[in-house]
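1. Structure, please.
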Amino acid sequence: MKKISIEEMKKLEFFRDVPSSLIQTILNQSHAVSYQKGAIVFHAKDMVNFIYIVINGKVSIYNITKHGNRKIIFILGKGNLINHNIINSKPVSVFCEAVCPATLLQIPKSGFLKWMDQDTALMHAVMNSYERHLWRMSHQLKNTTGNMYLERKIAAKLWKLGRDFGVKKEDGVEIDIDLTMNLLADLLGAPRENVSRACKNLSSRNLLIYRNRRFILPLPDELAEFYKA
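-> So this is what the prediction gives:
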């Protein structure tokens, strides 16, 4: 694997304001690790002694329900801090899996803590990541309450994925993830059959297109209006 440069790291939002000298120190003591699609980065209850940041690709953060089903909490892409157990020494409470081929920067936790103490920019980067994590979690909780129709939940989830991973195409914004109905059901914590039926209803409203495992949002603004209604 080619060596990661300071310039590449600076393009990631997490490291945007971190001094180049510190980035070089981090690179010197870290490793870029590649994962194939479906590979597990860590399991719930693992003791994880590294900090992981996405360099390329995407990973899912999920847990297993009491019924044995997978519930995806987040899909995280380039530049995201994955694990938030930085200070404590407890096992992680979630699973992390590569959604597609992904490269992660694996940073020793002991060194990372020391660098946070020494540099306010790195501390701010972690705080920003935590704030974004909490904000997204609050929206997750709101959108999974029983009083929100499944179609609106799907619209909200797809609109968010389109904002984070969307690529403009002739017929709309394509979500740049191979997203099967099973995976979408895991994201929503709902039965696959119900999700498939709701997607067909949204398609009949011309709010989404599903083709070759890719969701396309023909009218993202109208999709947002639909789930907010």
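2. Span of stretch 95-103 from start to end?
-> 17 Å (CA to CA, to the nearest Å).
3. meant to ask about stretch 214-223
-> 16 Å.
4. same question, stretch 29-42
-> With CA to CA applied, stretch 29-42 spans 20 Å between its terminal residues.
5. which outside residues touch that stretch?
-> 1, 4, 48, 52, 55, 57, 59, 82-83, 92, 95-108, 111 (CB atoms under 8 Å, 6 or more residues apart in numbering). In this view, the C-beta of every residue, glycine as well, is placed from N, C-alpha and C.
6. Could you check the pLDDT of the residue nearest to the spatial centre of the chain?
-> For the chain, the residue nearest the mean C-alpha position is Leu76 (1.7 Å; CA atoms, centre = their mean). At Leu76, the model reports a pLDDT of 94.
7. show me where the chain has helices.
-> 6-10, 20-28, 109-118, 120-143, 150-165, 181-188, 192-204, 220-228 (DSSP state H).
8. Please save the CA atoms from the first one in PDB.
-> What follows is helix 6-10, C-alpha atoms only, in PDB (Å, rounded to 0.1, in the frame of the first residue of the first chain):
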ATOM      1  CA  ILE A   6       0.500  14.900   5.000                       C
ATOM      2  CA  GLU A   7      -1.300  16.500   2.100                       C
ATOM      3  CA  GLU A   8      -3.800  13.600   1.800                       C
ATOM      4  CA  MET A   9      -4.400  13.800   5.600                       C
ATOM      5  CA  LYS A  10      -5.000  17.500   5.400                       C
END
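9. Show me the contact partners of that helix.
-> Phe15, Arg16, Val18, Ser20, Ile23, Gln24, Leu27, Ile55.
10. same question, the second one
-> With contacts defined as CB under 8 Å, 6+ apart, helix 20-28 is touched by 4, 6, 9-10, 15, 105, 107, 111-112, 115, 118-119, 121-122.
11. Redo the residues you listed as TSV? Include distance to Glu170 and pLDDT.
-> Converted to TSV, the contacts of helix 20-28 look like this (distance: CB to CB, whole Å; pLDDT from 0 to 100):
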residue	distance to Glu170	pLDDT
Ile4	34	88
Ile6	37	92
Met9	34	94
Lys10	33	93
Phe15	35	95
Leu105	35	96
Ile107	41	95
Gly111	47	93
Phe112	44	95
Trp115	46	95
Gln118	50	93
Asp119	45	95
Ala121	41	95
Leu122	42	95
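12. Please work out how many residues are found near Phe15.
-> 22 (other CB atoms under 10 Å).
13. doesn't Asn128 make contact with it?
-> No. Using CB atoms under 8 Å, Phe15 is not in contact with Asn128; the gap is 11.5 Å.
14. Pick out the shakiest of the helices of the chain, pLDDT-wise.
-> helix 120-143 (a mean of 83).
15. Quick check: closest non-adjacent residue to the residue nearest to the centre of the chain.
-> In space, and not counting its chain neighbours, Leu76 is closest to Val59: 5.5 Å by CB to CB, 6 or more residues apart in numbering.
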